[in-house]
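Novice: here is the input, now give the coordinates:
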Amino acid sequence: MTLFQSGVVAEANTDAQFITLNIVRSAAAVAHLRQVLAEIPATEAQFRQQYPEADLHITVAIGSEYWDQLSPTQRPAELSAFPACSNGAINAPHTPVDLLLHIRSERHDLNYQASVMLTQRLGSDASLVEEMHGFRYLEMRDLTGFVDGTENPQGEDRIGVAVVGDDDPDFAGGSYLHLQRYEHDLEAWNNISVKQQEDIFGRTKADNQEYASADKAAFAHTKRTSLKDAEGRSIEILRHSMPYGDLSQRGLMFIAYGCSPEPFTKMLESMIIGDGEGHHDHLMDYTQALTGQAFFAPSVAWLEKLV
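Specialist: Reported below is the predicted structural model:
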């Protein structure tokens, strides 16, 4: 298999930077960007060699709307705009950007150093849209207090779920990404009982035990995100989500990697639109998606061939 970017399937880290940028629309800026992107695998390798204990990964992904600027003759088969949807007051907006840098490791200082280095290389050809710092909270919990990512694929299954195969040979080794920033209403969330919270998630809070299927409400988060395809197989994505927060805003940087964008789209629609019988994911009543972006993270070989 064509070598994928290491951050696509690597196990979770304790710290991450989520950096989105827009690129100047000019031929010179495109040429400059191609040079910077081609050097990213070598930059990551240098960090990993110098600080092996930090387990640093730099994943770069190109926005769905910008892709044709960078590569006008080749496009990933399923790359499309973020699948915006809404249901009354619940909204998953489409807020396109050109570029994503997902930098993660066991050390915030190294993530910061890599972030500064790469954005300085881009220089005035790039403008910062948003920079968010994600961190591990307690035992890999969301700020709601519940363990996050328990349904992630494990081991070699992570590659099958997250990495494009030979069905799109020009982009084998790549991965489709969707990024959302959710802001939680923790005051409202913490004003309901733990039992109500557990019913909304469909699993227990303290010991992370999932309810039996028959005991889950139709609006439970685990019900709305546990989907099957026509052959009865589980529909999966690989999450690398992390909480973020300060004293004024708190929430979740939700990022999903997949060999196709379809699983994410189905899950998002199941959560927001619901099951067709009026049952949406009630967790959405306590959090709001502020951003929504679709990207493609090409293989290492594709990046290195940009120059």
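Novice: look up how far residue 98 lies from residue 69.
Specialist: Using Cβ to Cβ, to the nearest Å, we find residue 69 at a distance of 8 Å from residue 98. (C-beta placed from N, C-alpha, C; glycine too.)
Novice: which neighbours do these two have in common?
Specialist: Listed contacts common to residue 69 and residue 98 are residue 23; contacts here mean Cβ atoms under 8 Å, 6 or more residues apart in numbering.
Novice: which one of these two has more residues nearby?
Specialist: Just comparing residue 69 and residue 98: by other Cβ atoms under 10 Å the higher neighbour count belongs to residue 98, 24 against 17.
Novice: for that one, which non-adjacent residue is spatially closest?
Specialist: Nearest in space to residue 98, with sequence neighbours left out and distances taken as Cβ to Cβ, 6 or more residues apart in numbering, is residue 66 at 3.8 Å.
Novice: element containing residue 36, please.
Specialist: Element membership for residue 36 (DSSP states H and E) is helix 27-50.
Novice: continuing past that helix, what's the next helix or strand?
Specialist: Helix 27-50 is succeeded, C-terminally, by strand 57-63 (DSSP H and E).
Novice: pretty sure residue 211 is touching residue 203, no?
Specialist: Yes. The pair residue 211 and residue 203 passes the contact test of Cβ atoms under 8 Å, sitting 5.9 Å apart.
Novice: so what sits against both of these two?
Specialist: Shared contacts of residue 211 and residue 203, defined by Cβ under 8 Å, 6+ apart, are found at residue 222.
Novice: which residues of the stretch 51-200 of the chain fall in strands?
Specialist: Taking DSSP state E, counting those that start in this stretch as the criterion, the stretch 51-200 of the chain carries its strands at 57-63, 85-87, 90-92, 99-105, 126-135, 175-184.
Novice: export these to CSV and tack on distance to residue 267, mean pLDDT and mean neighbour count?
Specialist: Below are the strands of the stretch 51-200 of the chain laid out as CSV (distance: least, Cβ to Cβ, whole Å; pLDDT from 0 to 100; neighbours: other Cβ atoms under 10 Å):
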stretch, distance to residue 267, mean pLDDT, mean neighbour count
strand 57-63, 19, 98, 25
strand 85-87, 11, 96, 15
strand 90-92, 11, 97, 19
strand 99-105, 20, 98, 24
strand 126-135, 20, 98, 17
strand 175-184, 10, 98, 24
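Novice: residue 304: which of those strands is closest?
Specialist: When the strands of the stretch 51-200 of the chain are compared by Cβ to Cβ, strand 57-63 sits nearest residue 304, at 12.0 Å.
Novice: ok, back up a step: quick one: which of the strands of the stretch 51-200 of the chain is nearest residue 241?
Specialist: In terms of Cβ to Cβ, the element of those nearest to residue 241 is strand 126-135, at 7.8 Å.
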